[in-house]
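Chemist: Build me a model from this:
(one chain, ligands or ions: 1)
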Amino acid sequence: MTTADHNTRRARDLLAMMERIRAFEEQACLAAERDKLVLGAIHPSIGQEAVAAGVMCNFNRDDILLSTHRGHGHTLAKGADPLAMMRELLGREGGCCGGKGGSMHIADFGVGMLGANGVVGANITIAAGAAHGLKLQGSDRIVVDIFGDGAINRGPFLEGVNWASVFDLPILFVCEDNQYSATTKTSSVTGGPGAAARAEALGLRATTVDGNDAEAVADVTAEITARIRAGGGPEMLHAITYRRTGHTSFDPAGYRPEGESEHEAKTNDPITRQRAVLAGMGLSADELDAVHTAAQSEMVQVLADAAATPFPADDMALQDVQDIGSPAQGAY
Ligand SMILES: Cc1ncc(C[n+]2csc(CCOP(=O)(O)OP(=O)(O)O)c2C)c(N)n1
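Modeler: This next block holds a predicted model:
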């Protein structure tokens with residue numbers, strides 16, 4: 001394959017993954033808002049798909065991923081089955097976690113996805129632990145840990161990044177900076193220049209990238225992961241993007257300047273930008289539309305199949321649950 005063919009294939013793969021993530025989340029939002037099939041919140045990453053697609057295309061199935069409450073895109077891009085994910089969102093049999101975890105607690109060890117996490121920042125120390133485990137095993141696998149800009153203001157960021165630095169662990173920390181922490185503009189509660197500078201202060205090499213440019217994210221992550229796989233130690237990627245929806249699918253985001261999200265959608269949509277890249281490589285509008293249509297059809301079917309799946313049997317509630325008894329029973 002020529003370099004041009006390779007570049008075109010990767011560009012198309014990036015577009016296809018972003019389209020699949022967007023379509024999955026659009027269907028998930030419909031399931032929550034229109035169909036009332038989801039108990040609990042959904043945190044969409046609509047507009048942030050280039051981070052998931054661009055980072056994850058540089059990781060193998062047996063590498064390890066830790067993610068956040070906004071982790072559908074990362075998990076799909078790591079290779080998880082969208083039907084198992086949708087069933088999990090709907091609490092159905094065959095969900096990734098038996099229907100007991102829901103959107104914020106999806107894990108799929110089969111593709112190296114150790115878990116989304118509803119506790120902001122908690123995945124950072126877990127990821128450092130996973131990377132330490134791999135290092136002790138002498139494994140050639142590596143870890144990617146994705147967290148939001150809000151997480152860098154929590155203690156686990158310092159603990160996890162420091163630990164990775166001290167033990168020279170094989171891990172890429174990705175700060176997916178969508179500029180908001182729930183209802184707060186993150187810059188208004190962040191001292192100093194932010195994620196990259198903090199990582200550098202702890203001894204990591206840090207790179208900042210336009211997180212809505214899938215090609216740039218994929219390129220820079222390829223360079224970083226090559227260094228990490230060669231034993232170069234932990235690094236930080238600060239990917240700047242934008243949260244287009246409210247914090248959850250139900251949040252109207254009235255705290256945001258009027259028109260901000262619409263402006264981003266019009267001028268900085270990662271899918272539109274990637275379509276332009278591919279058009280420049282010679283793909284026709286019909287070919288690009290076909291990628292969109294395929295993703296839409298796939299995820300419409302995924303929601304239909306998940307909604308038609310039965311709920312788990314009642315006794316499932318007691319499976320995978322630790323029962324060590326109560327103090328009154330002398331268990332301690
Ligand atoms: C320890 C902790 N504190 C507060 C919350 C409530 N909370 C949920 S998401 C969120 C904002 C997180 O912002 P960020 O890390 O930037 O991720 P984003 O939601 O933007 O993807 C907060 C404060 C929480 N889940 N965990």
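Chemist: The ligand contacts on the stretch 51-200 of the chain?
Modeler: 68-70, 118-120, 148-151, 178, 180-182, 186 (C-beta under 6 Å from any ligand atom). C-beta: built from backbone N, CA, C; applies to glycine.
Chemist: The nearest residue to Ala16 once chain neighbours are set aside in helix, strand or coil?
Modeler: Using C-beta to C-beta, 6 or more residues apart in numbering and skipping residues adjacent in sequence, the residue nearest Ala16 is Val291, 5.2 Å away. Secondary structure of Val291, reduced to three states by DSSP: H, G, I helix; E, B strand; the rest coil: helix.
Chemist: How much space separates Val291 from Leu15?
Modeler: 6 Å (C-beta to C-beta, to the nearest Å).
Chemist: picking up where we left off before, narrow the residues of the stretch 51-200 of the chain next to the ligand to those in strands?
Modeler: Counting by DSSP state E, those place 148, 180-181 in strands.
Chemist: which among those residues gets closest to the ligand?
Modeler: Gly148 (2.3 Å; C-beta to the nearest ligand atom).
Chemist: isn't that closest one right up against His74?
Modeler: No - taking C-beta atoms under 8 Å as the definition, Gly148 is not a contact partner of His74, at 11.6 Å.
Chemist: residue nearest the centroid of this protein?
Modeler: Using C-alpha atoms, centre = their mean, the residue of the chain that lies closest to the mean C-alpha position is His74, 2.9 Å off.
Chemist: Report how many residues lie close to the nearest residue to that one once chain neighbours are set aside.
Modeler: Among residues not flanking His74 along the chain, Ser67 sits closest, at 4.4 Å (C-beta to C-beta, 6+ apart). The number of residues packed near Ser67 is 28, by other C-beta atoms under 10 Å.
Chemist: Ser67 against Leu76, yeah?
Modeler: No - at 10.7 Å, Ser67 does not count as touching Leu76 under the criterion of C-beta under 8 Å.
Chemist: Roughly how far does Gly282 sit from the ligand?
Modeler: 36 Å (C-beta to the nearest ligand atom, to the nearest Å).
Chemist: confidence score at Gln329?
Modeler: At Gln329, the model reports a pLDDT of 55.
Chemist: Backbone dihedrals for Thr184, please?
Modeler: phi -110, psi 140 (degrees, to the nearest 10).
Chemist: what about the helices in the stretch 101-250 of the chain?
Modeler: Along the stretch 101-250 of the chain, counting by DSSP state H, counting those that start in this stretch, helices occupy 122-137, 155-166, 195-201, 214-229.
Chemist: want to throw the ones you listed into TSV with distance to Arg34, mean pLDDT and mean neighbour count?
Modeler: Formatted as TSV, the helices of the stretch 101-250 of the chain follow (distance: least, C-beta to C-beta, whole Å; pLDDT from 0 to 100; neighbours: other C-beta atoms under 10 Å):
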stretch	distance to Arg34	mean pLDDT	mean neighbour count
helix 122-137	30	98	21
helix 155-166	36	98	20
helix 195-201	36	98	19
helix 214-229	29	98	19
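Chemist: Export these as a markdown table, with columns for distance to His105.
Modeler: As requested, the helices of the stretch 101-250 of the chain are exported to a markdown table (distance: least, C-beta to C-beta, whole Å):
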| stretch | distance to His105 |
| --- | --- |
| helix 122-137 | 11 |
| helix 155-166 | 17 |
| helix 195-201 | 25 |
| helix 214-229 | 26 |
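Chemist: So which of Val291 and Leu15 has more stuff around it?
Modeler: The neighbour comparison of Val291 against Leu15 (other C-beta under 10 Å) goes to Leu15, with 26 against 22.
Chemist: so the more buried one is in which element?
Modeler: Using DSSP states H and E, Leu15 falls within helix 3-33.
Chemist: now that helix against helix 214-229, angle please.
Modeler: 100 degrees (axes from the mean of the first three to the mean of the last three C-alpha atoms, to 10 degrees).
Chemist: same for helix 3-33, what does it pack against?
Modeler: Packing partners of helix 3-33 (3 or more C-beta pairs under 8 Å, 6 or more residues apart in numbering; DSSP states H and E): helix 49-56, helix 72-77, helix 82-89, helix 214-229, helix 270-280, helix 285-307.
Chemist: Can you name every helix or strand that the last one contacts?
Modeler: Same thing as helix 285-307. Using 3+ C-beta pairs under 8 Å, 6+ apart, helix 285-307 sits against helix 3-33, helix 82-89, helix 270-280.
Chemist: Also the shortest one?
Modeler: Taking 3+ C-beta pairs under 8 Å, 6+ apart as the contact definition, the neighbouring helices and strands of helix 72-77 are helix 3-33, helix 49-56, helix 82-89.
Chemist: How many neighbouring residues does the nearest residue to Glu287 once chain neighbours are set aside have?
Modeler: Nearest non-adjacent residue to Glu287, counting by C-beta to C-beta, 6+ apart: Leu278, 7.9 Å away. Counted by other C-beta under 10 Å, the residues lying close to Leu278 total 18.
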